[in-house]
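K.L.:
Mind looking at a prediction? Sequence and model below.
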Amino acid sequence: MGRGTFSVHPDPSEAGQLQTRGPYRFVRHPMYTAVVAASIAVVWTNPTLLATGAFLVVLGVLHFKIRIEEAALGAKFDAFSQYVQEVPAIVPFVPRMGRPTWLAVVALCVAAPTLWLPIERRWDTRLFATASISEAGTWQNMSVEEAASLLHQRSDIVVLDVRSEREAAGARLPGAVNIPSSSSDFIERVARSGISQDTPVMVYCAGGFRSRMVVARLRENEFGEIYHLHRGILSWRLCGQSVEYLK
């Protein structure tokens, strides 16, 4: 926008010029695109009705602001109407589409994690409803704070990263052992790594889907002490916990 040109007022300045280069080649409102992208990220990492409601409010405000600002831009710049026809408002790299279509795209991005929430709760009920110490074993779904505290107190717990090798080559929990959940011989690889049915394990993936599947498999194979990191390394890093990188 240039130094000294930023203003929260929607009307273009007297000396203002229509910018169609840089990020404006892809979207008409790049700052609003950033706000929407960040909001979607919040909803995906914290899929609650409150987060979804807040996002919808943000989307409504941006929609209202775009209408006002573009009316002012259209009145000042003759070339703006052609620019509107060529460049989307918020969603980049997509063919020209009407307002209902891009609203549907953004709504879908938000609805997906929100719809996942009840599925996650039912799944956790099956896996961890009896997640207390019993004769059969211990299975617990743990928040980042609970998991970090447990790992700090106990050095005998093996941290099991079930993401792909490519994912695990990046950031991982300190000391984690990587065995991809997609491995056809997953249980055999777990045994070869020295993890037995009596070994306490902390399982995690990127967001919690694959790791829950692994918890079910470990329980089926009579592993007695299993801890699950709720929403995976995504939540771990968002909470500022330490990670390590492969050299």
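P.N.:
On my side now, so go ahead.
K.L.:
Near Ala54, how many other residues are there?
P.N.:
Using other Cβ atoms under 10 Å, Ala54 is surrounded by 14 other residues. C-beta coordinates here come from the backbone N, C-alpha and C atoms, glycine included.
K.L.:
roughly how far out does the host helix or strand of it sit from the chain middle?
P.N.:
Applying DSSP states H and E as the criterion places Ala54 in helix 49-76. Mean-position distance between helix 49-76 and its chain equals 23 Å (Cα atoms, centre = their mean, to the nearest Å).
K.L.:
got the buried residues for whichever helix or strand comes after it?
P.N.:
Using DSSP H and E, the helix or strand that directly follows helix 49-76 along the chain is helix 80-86. Residues of helix 80-86 classed as buried: 80, 83 (neighbour count, 16 or more other Cβ atoms under 10 Å).
K.L.:
again with stretch 216-225
P.N.:
Within stretch 216-225, the residues that count as buried by 16+ other Cβ under 10 Å are 217-218, 223-225.
K.L.:
try stretch 227-242
P.N.:
Result for stretch 227-242 [16+ other Cβ under 10 Å]: buried residues 227-236, 241.
K.L.:
In PDB, could you pull the C-alpha coordinates for it?
P.N.:
Extracted C-alpha coordinates of stretch 227-242, given in PDB (Å, rounded to 0.1, in the frame of the first residue of the first chain):
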ATOM      1  CA  TYR A 227      -1.800 -42.200  26.400                       C
ATOM      2  CA  HIS A 228      -3.100 -40.200  23.500                       C
ATOM      3  CA  LEU A 229      -2.100 -36.600  22.700                       C
ATOM      4  CA  HIS A 230      -5.400 -34.800  22.000                       C
ATOM      5  CA  ARG A 231      -5.200 -33.100  18.500                       C
ATOM      6  CA  GLY A 232      -1.600 -34.100  18.100                       C
ATOM      7  CA  ILE A 233       1.500 -32.100  17.400                       C
ATOM      8  CA  LEU A 234      -0.600 -29.200  16.000                       C
ATOM      9  CA  SER A 235      -2.000 -28.500  19.500                       C
ATOM     10  CA  TRP A 236       1.400 -29.200  21.000                       C
ATOM     11  CA  ARG A 237       3.100 -26.600  19.000                       C
ATOM     12  CA  LEU A 238       0.300 -24.000  19.400                       C
ATOM     13  CA  CYS A 239       0.700 -24.300  23.200                       C
ATOM     14  CA  GLY A 240       4.400 -23.500  22.800                       C
ATOM     15  CA  GLN A 241       5.800 -26.900  23.800                       C
ATOM     16  CA  SER A 242       9.300 -27.800  22.700                       C
END
